[in-house]
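Pasting a predicted model and its sequence here:
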Amino acid sequence: MFVRAYLRASTTDQDAGRARDQLKAFAAERGLKIASWHAENESGTKLARPELFRLLADSAPGDILLVEQVDRLSRLTAGDWEKLKAELTSRQVRVVALDLPTSWMMAAKTADAFTSRMFEAINGMLLDMLAAVARKDYDDRRRRQAQGQAKAKAEGRYKGRPEDTERNAGIAAMLGDGKSWNAIQAVTGCSRATIAKLAKRAAAA
């Protein structure tokens, strides 16, 4: 059994490795060693997350996927969560989350078959519940944000996020030099949507 830790933050402005010490302490308390670390800055609403699927590709049946919270693993829609669960099930990877105490039994080295099956069933139900709560929290925050922006626009107060002109000028220069989008992302940490917008702006100019 290998323990593989997954760390995620939604944007490049956030520290994906923030919970590393907590995961190390959790594993150490149980006499476990984390075999690999997988960190990325991607939205939990996206199923396509390279590091998560690299972790799963490296896993063997019985391995543990260790996360700080269930929402680090999923803020997915119901359909995408089912796809991720199917991937976890097919690879026989067990999810252990620090905010889900029933999952801690999955990290126990000694447990009889009956106890393991019972906790797997309970854990599965609670994982579904927390994944649904995480998605609802995301949707609620997006709705409140949109309502706030609509109200601010109606009152003439909404200015939007200020453009990072220095960064965008650098991206435009790299586009002009023929740099690939992947190379630009690696250097600047910006999204492909931003590069696309600036490429379109440059083409129009």
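Arrived safely. Numbers count the residues shown, from 1 in each chain.

domains in this structure, as residue ranges please.
With domains defined by automatic domain parsing, the chain comprises 3-136, 165-204.

At which residues are the strands of this protein located?
Assigned by DSSP state E, the chain shows strands spanning 3-9, 34-41, 64-67, 94-97.

wait, which of the ones you listed is closest to residue 178?
strand 34-41 (26.0 Å; C-beta to C-beta). C-beta here means a position set from N, CA and C on the backbone, and glycine is covered the same way.

Show me what the mean pLDDT comes to for the closest one.
The predicted model gives strand 34-41 an average pLDDT of 95.

now stretch 66-77
Stretch 66-77 comes out at a mean pLDDT of 95.

chain center to the longest helix along the chain: distance?
What stands out as the longest helix in the chain, according to DSSP state H, is helix 113-154. Helix 113-154 sits 13 Å away from the centroid of its parent chain (C-alpha atoms, centre = their mean, to the nearest Å).

Run through the neighbouring helices and strands of that helix.
helix 70-73, helix 78-90, strand 94-97 (3 or more C-beta pairs under 8 Å, 6 or more residues apart in numbering; DSSP states H and E).

export the ones you listed to TSV and tack on mean neighbour count and distance to residue 187?
TSV is the format used below for the helices and strands packed on helix 113-154 (neighbours: other C-beta atoms under 10 Å; distance: least, C-beta to C-beta, whole Å):
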stretch	mean neighbour count	distance to residue 187
helix 70-73	22	26
helix 78-90	14	30
strand 94-97	23	34
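
about what we covered before: of the domains of the chain, flag the one that's most buried.
domain 3-136 (a mean of 16; mean count of other C-beta atoms under 10 Å).

Can you get me the start-to-end distance on it?
Taking C-alpha to C-alpha, to the nearest Å as the measure, domain 3-136 stretches 29 Å from start to finish.

Any figure for the gap between the residue lying closest to residue 81 once chain neighbours are set aside and residue 99?
Spatial nearest neighbour of residue 81, chain neighbours left out: residue 131 (5.1 Å); criterion: C-beta to C-beta, 6 or more residues apart in numbering. The gap separating residue 131 from residue 99 is 12 Å, by C-beta to C-beta, to the nearest Å.

before we move on, what about residue 32?
Counting by C-beta to C-beta, the gap from residue 32 to residue 99 is 18 Å.

contacting residues for residue 63?
Residues counted as contacts of residue 63 (C-beta atoms under 8 Å, 6 or more residues apart in numbering) are 1-4, 91-94.

Tabulate these (TSV), appending distance to residue 103.
Formatted as TSV, these follow (distance: C-beta to C-beta, whole Å):
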residue	distance to residue 103
1	14
2	17
3	13
4	15
91	17
92	15
93	12
94	8
